[in-house]
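> Predicted model and sequence follow; I will ask about them next.
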There are 2 protein chains.
Amino acid sequence: MSEDSSSALLTDHYELTMLQGALHSGAAARRSVFEMFGRRLPEGRRYGVVAGTGRFLDLLERFRFGREELDFLSDHGVVDETTLNWLSEYRFSGDVWGYGEGEAYFPGSPILVVEGTFAEAVILETLALSVYNHDSAIASAATRMRVAAGDRPLIEMGSRRTHERSAVAAARAAYVAGFSTSSNLEAGRSFGVPTGGTAAHAFTLLHDSERHAFRAQLESMGTGTTLLVDTYDVERAVRHAVDLAGPELGAIRIDSGDLGTTASRVRRQLDDLGATGTRIVVTGDLDEHSIQALAVAPVDGYGVGTSLVTGSGAPTVSLVYKLVARARGLEPDAPLEPVAKRSVGKPSRGGRKWAVRRLDDKGIAVAEEVYPHEPSDQVGTRPLLRPLVAGGEVVGHESVHDARERHRATVAELPEQALRMSRGDVALATVFH
Amino acid sequence: MSEDSSSALLTDHYELTMLQGALHSGAAARRSVFEMFGRRLPEGRRYGVVAGTGRFLDLLERFRFGREELDFLSDHGVVDETTLNWLSEYRFSGDVWGYGEGEAYFPGSPILVVEGTFAEAVILETLALSVYNHDSAIASAATRMRVAAGDRPLIEMGSRRTHERSAVAAARAAYVAGFSTSSNLEAGRSFGVPTGGTAAHAFTLLHDSERHAFRAQLESMGTGTTLLVDTYDVERAVRHAVDLAGPELGAIRIDSGDLGTTASRVRRQLDDLGATGTRIVVTGDLDEHSIQALAVAPVDGYGVGTSLVTGSGAPTVSLVYKLVARARGLEPDAPLEPVAKRSVGKPSRGGRKWAVRRLDDKGIAVAEEVYPHEPSDQVGTRPLLRPLVAGGEVVGHESVHDARERHRATVAELPEQALRMSRGDVALATVFH
């Protein structure tokens, strides 16, 4: 599906009225720094995973107010003529730094830092938050499933349980966090996520018998395919499957019942039939906990749907985008000063920030360190902010495969307790210098 | 944002491989009936709300495999040449009936009935489920907030806490379920949802003082605007607000602290300052329960974000799309026969269904009745399925305003216990005849 249209109206009404007010007062031109961070992780999580960076950069390049967008704003009196004129020329001309996609993050990590005039930076708030809050929620759930599954492949198959476009982004975020494939074809086309899938119960029910259905699938897709064996009776289905396909049958899928016991029984049956290489894939309301519980079962792959696309209990990670500094005056070289609101129970730390991850001598992460200036001595630390946009030009494009590799490396660096499935404290303390 | 591109790849890989298998076996042409329903409501909910109908019909009209889609499928070996040829000609030519958008539903309600060849109907599964599962989850949460808020207006402002496109659909679904406005500009453009918003804390922090910020906003947007008063000190901000705007100040917004106590204090202060007509809008992590708790507080409107767009604990409603009947043979007039899989813990009822809501003599709903044929005597009942697509042509288009009105009427018809906020049983029993 074409995604080359404007992203500019994927924005809260108040971003544009604030812009109008700031153009009126003259403060629109003040140099400003906005920061995206999470005040906390979802309850019980030990680390979060940054995702959405690549999608945000793509959408940023399409954040333009063309004729259609301006007409809507004008016809509905959203903003005045001065503001419409300003929007018609809008191009973000500032700088953005951010945590690399796939990176772990912790409470207070400055995941994204946007510097520009107030006007050009404030109107990106909604879009940036939408992308990062969704994609990071999915990746933060997916990474736990990845850990729970050990070396076994994970298949993302939750498209039907979330908005049709979230589904594409969820498939992408899951891939970044280590899933092997997705059922979502648009994720294949848009982002190069490998896709897969074979058949549902409807295919068996359509045919006059299960044997008819299996034969059609095997003839059409080859013996390497995956046959779904739980439409009627699993044992009989497995017998028919091997009878028709021979021992080269690629895999069978079980979607209901007690997955562990059924998998054990089916493994024995397959082995007895000589199909020792036939893999067993299980699906059906899996989450990180049930995946972990199946670690001892003879399972060769997991398909995960609902729990993945809903962030396994945390469908948003509650990142916020806050003005943390702005120039004392209107001149381009006016010094920045920190700002922060004083609201009850919502700690905000003013000022532009830099972040590094401190590692011990074995290369294991021991702290998230945040500085009010670029730290001079970086021995034993790894810088976390990388340039994403420089002078309005996107410089941070990378493939999902690169993000996936970064995620693998960052998880390998986390202390052991970060990878436990139980509810627990945040794995790394964030130290504000 | 232009949405006129193909929706065909917003689909699970296996829908197309099933198609390939069925084209191979010849069963693709069998007349089939698929049904969408929920086996249960989200835990503790008393009714669900159907939403997404209008979006699904729009997407159905754009479900076409053009050159780009076919190239992707071909390049990645998703399906064979025969299947690609079939897809290149794809137009849904069957019939669809569905519950009207905004209608209440219950476990087993046949929300959508799709009749056509197996091939043309099966490949709509993923898209239909994505749309209905998301939009109905939002509407099912929104309707409870609507009930809890009584006559007070509800503002949808959750865009930043969900995927940027889900945000648009969520704003639409919330409007169907009775919200007054949304912050989401694209929802205004695409669906005619009224939008609104004024300013965030960043606007106050940007200026040298809160008075500067308020003055700029009032001059730019008029005294009818809403001033955000909790950046520093609420009492001082309210004093400045009325001082600058006069008693005609439209509204003030409180986004933090104990909303009930703060609203009461601010109400007294506003009244003392003569601003008796100035409204108080509260925002900040509200859900149906906190809205209900504020019923006695002097609040004139609620802004709801996270809990709305995440379905208040139920981000999906777990609707499924199942083959319930298919022709005995390949002839167009071969009789339909019911089919259903026998899986543990997942009851399925085969056969094409018709549904009515039974009302008592006061017009209050007493049961959801589902028939295996068109019921002959409909005295005291209201039919629930309306034609959406006839012979491939969409006939069910309507505006969100119509869906919103249907929702209002259907809720008015529900028994009193359906509208309680506490966790409870399903309000209406579904009777299968």
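Here it is on my side, so go on.
> for the helix or strand harbouring A:Asn85, packing partners?
Assigning secondary structure by DSSP states H and E places A:Asn85 in helix A:81-88. On a contact count with 3 or more Cβ pairs under 8 Å, 6 or more residues apart in numbering or on different chains; DSSP states H and E, helix A:81-88 meets helix A:13-25, helix A:67-75. For glycine as for every other residue, the C-beta is placed from the backbone atoms N, C-alpha and C.
> Between those, which one is closest to chain B.
For the helices and strands packed on helix A:81-88, proximity to chain B was assessed by Cβ to the nearest Cβ; helix A:13-25 is nearest, at 3.1 Å.
> For A:Gly303, which three-state class applies?
strand (DSSP: H, G, I helix; E, B strand; the rest coil).
> Test my guess that it contacts A:Pro153.
No - contact criterion Cβ atoms under 8 Å: A:Gly303 and A:Pro153 do not qualify, at 9.6 Å.
> more neighbours, those two?
Between A:Gly303 and A:Pro153, A:Gly303 has the larger neighbour count (other Cβ atoms under 10 Å in any protein chain shown), namely 23 against 16.
> That one: what's it in contact with?
A:154-155, A:157, A:253, A:281-283, A:286 (Cβ atoms under 8 Å, 6 or more residues apart in numbering or on different chains).
> Now with 10 Å, please.
Counting by Cβ atoms under 10 Å, 6 or more residues apart in numbering or on different chains, A:Gly303 touches A:153-158, A:181, A:183, A:196-197, A:226, A:253, A:255, A:281-284, A:286.
> What of A:Leu129?
Contacts of A:Leu129 by Cβ under 10 Å, 6+ apart are A:12, A:36, A:52, A:56, A:112, A:316, A:318-321, B:159-162, B:164, B:167.
> how about low-confidence regions in the stretch 251-400 of chain A?
A:343-348 (pLDDT under 70).
> now the longest helix seen in chain A and helix A:13-25, what's the angle there?
Under DSSP state H, the helix in chain A containing the largest number of residues is helix A:125-149. Angle, helix A:125-149 to helix A:13-25, by axes from the mean of the first three to the mean of the last three Cα atoms, to 10 degrees: 140 degrees.
> Give the partner strands of the helix or strand following helix A:125-149 in its sheet and their orientations.
Downstream of helix A:125-149, the first helix or strand assigned by DSSP H and E is strand A:154-156. Using DSSP bridges, the strands paired with strand A:154-156 are strand A:181-182 (parallel), strand A:301-304 (parallel).
> Please name whichever of the ones you listed is nearest to A:Arg45.
Nearest to A:Arg45 among the strands paired with strand A:154-156 is strand A:301-304; the distance by Cβ to Cβ comes to 17.3 Å.
> Return the distance of the helix or strand following the closest one from the chain's centre.
Going down the chain from strand A:301-304, the next helix or strand is helix A:306-309, by DSSP H and E. Distance of helix A:306-309 from the chain centroid (Cα atoms, centre = their mean, to the nearest Å) equals 12 Å.
> hmm, helix A:306-309 touching chain B?
Yes - Helix A:306-309 reaches chain B (Cβ under 10 Å from any Cβ of the partner chain) through A:306, A:309.
> Just list what that helix packs against, helices and strands only.
helix A:125-149, strand A:154-156, helix A:164-176, helix A:288-293, helix B:125-149 (3 or more Cβ pairs under 10 Å, 6 or more residues apart in numbering or on different chains; DSSP states H and E).
> sorry, back to before: give the buried residues for the helix holding A:Asn85.
A:83-84, A:86-87 (16 or more other Cβ atoms under 10 Å in any protein chain shown).
> the inter-axis angle of whatever helix or strand comes next after it versus helix A:125-149?
Per DSSP H and E, the first helix or strand lying C-terminal to helix A:81-88 is strand A:95-99. Between strand A:95-99 and helix A:125-149, the angle comes out at 20 degrees (the same axes, to 10 degrees).
> close to chain B, is strand A:95-99?
No - Strand A:95-99 does not reach chain B (Cβ under 10 Å from any Cβ); its nearest approach is 16.8 Å.
> How far off centre is that strand?
With Cα atoms, centre = their mean, you get 17 Å for strand A:95-99.
> among the strands paired with strand A:154-156, which is the most enclosed?
strand A:181-182 (a mean of 27; mean count of other Cβ atoms under 10 Å in any protein chain shown).
> Would you mind listing what in the stretch 251-400 of chain A touches chain B?
So the stretch 251-400 of chain A meets chain B at A:255-258, A:262, A:284-285, A:305-306, A:309-311, A:313-329, A:338-346, A:348, A:350 (Cβ under 10 Å from any Cβ).
> ok, back up a step: list residues touching both of A:Gly303 and A:Pro153?
Joint contacts of A:Gly303 and A:Pro153 (Cβ under 10 Å, 6+ apart) are A:181, A:196, A:281.
> quick one: the second one and B:Leu87, what's the gap?
When you say that, I think you mean A:Gly196. Distance, A:Gly196 to B:Leu87, by Cβ to Cβ, to the nearest Å: 18 Å.
> Low-confidence stretches in the stretch 1-150 of chain A?
For the stretch 1-150 of chain A (pLDDT under 70), the answer is A:1-4.
> what's the pLDDT at A:Arg152?
What the model reports for A:Arg152 is a pLDDT of 98.
> ok, the closest residue to it other than its chain neighbours to chain B distance?
Closest residue to A:Arg152 apart from its sequence neighbours, by Cβ to Cβ, 6 or more residues apart in numbering or on different chains: A:Gly301 at 5.8 Å. Distance of A:Gly301 to chain B, given as Cβ to the nearest Cβ, to the nearest Å: 15 Å.
> Now do the phi/psi pair for the nearest residue to A:Gly66 once chain neighbours are set aside.
Distances taken as Cβ to Cβ, 6+ apart place A:Ser6 nearest to A:Gly66, at 5.6 Å, with adjacent residues excluded. A:Ser6 adopts backbone torsions of phi -70, psi 140, taken as degrees, to the nearest 10.
> give me every residue that touches A:Leu227.
A:198-199, A:203-204, A:210, A:213-214, A:217-218, A:221, A:237-238, A:240-242, A:244-245, A:249-253, A:278.
> Sheet partners, orientation included, of the helix or strand it falls within?
Element membership for A:Leu227, per DSSP H and E: strand A:226-228. Partners of strand A:226-228 in the sheet, by DSSP bridges, are strand A:251-254 (parallel).
> Give the other helices and strands that the strand or helix carrying A:Val324 contacts.
For A:Val324, the host element (DSSP H and E) is strand A:319-327. In terms of contacts (3+ Cβ pairs under 10 Å, 6+ apart), strand A:319-327 is packed against strand A:31-38, strand A:112-117, helix A:118-122, helix A:125-149, strand A:336-338, helix B:201-206.
> again, 7 Å this time
strand A:31-38, helix A:125-149, strand A:336-338, helix B:201-206 (3 or more Cβ pairs under 7 Å, 6 or more residues apart in numbering or on different chains; DSSP states H and E).
> which residues are in contact with the helix or strand immediately after the first one in the chain?
Read in the C-terminal direction, the helix or strand following strand A:31-38 is strand A:48-49, with elements assigned using DSSP H and E. Here strand A:48-49 makes contact (Cβ atoms under 7 Å, 6 or more residues apart in numbering or on different chains) with A:38, A:41, A:102, A:104-105, A:136, A:139-140, A:143, A:177, A:317, A:407.
> just stretch A:328-337 next, same as before
A:26, A:29-31, A:33, A:325-327, A:352.
> Adding neighbour count and distance to A:Asp272, write these out as a markdown table.
Formatted as a markdown table, the contacts of stretch A:328-337 follow (neighbours: other Cβ atoms under 10 Å in any protein chain shown; distance: Cβ to Cβ, whole Å):
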| residue | neighbour count | distance to A:Asp272 |
| --- | --- | --- |
| A:Gly26 | 11 | 81 |
| A:Ala29 | 16 | 77 |
| A:Arg30 | 24 | 75 |
| A:Arg31 | 22 | 73 |
| A:Val33 | 26 | 66 |
| A:Ala325 | 22 | 69 |
| A:Arg326 | 26 | 72 |
| A:Ala327 | 21 | 76 |
| A:Arg352 | 19 | 66 |
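> follow-up on the earlier one: just among the contacts of strand A:48-49, which is most surrounded?
A:Ala139 (32 neighbours).
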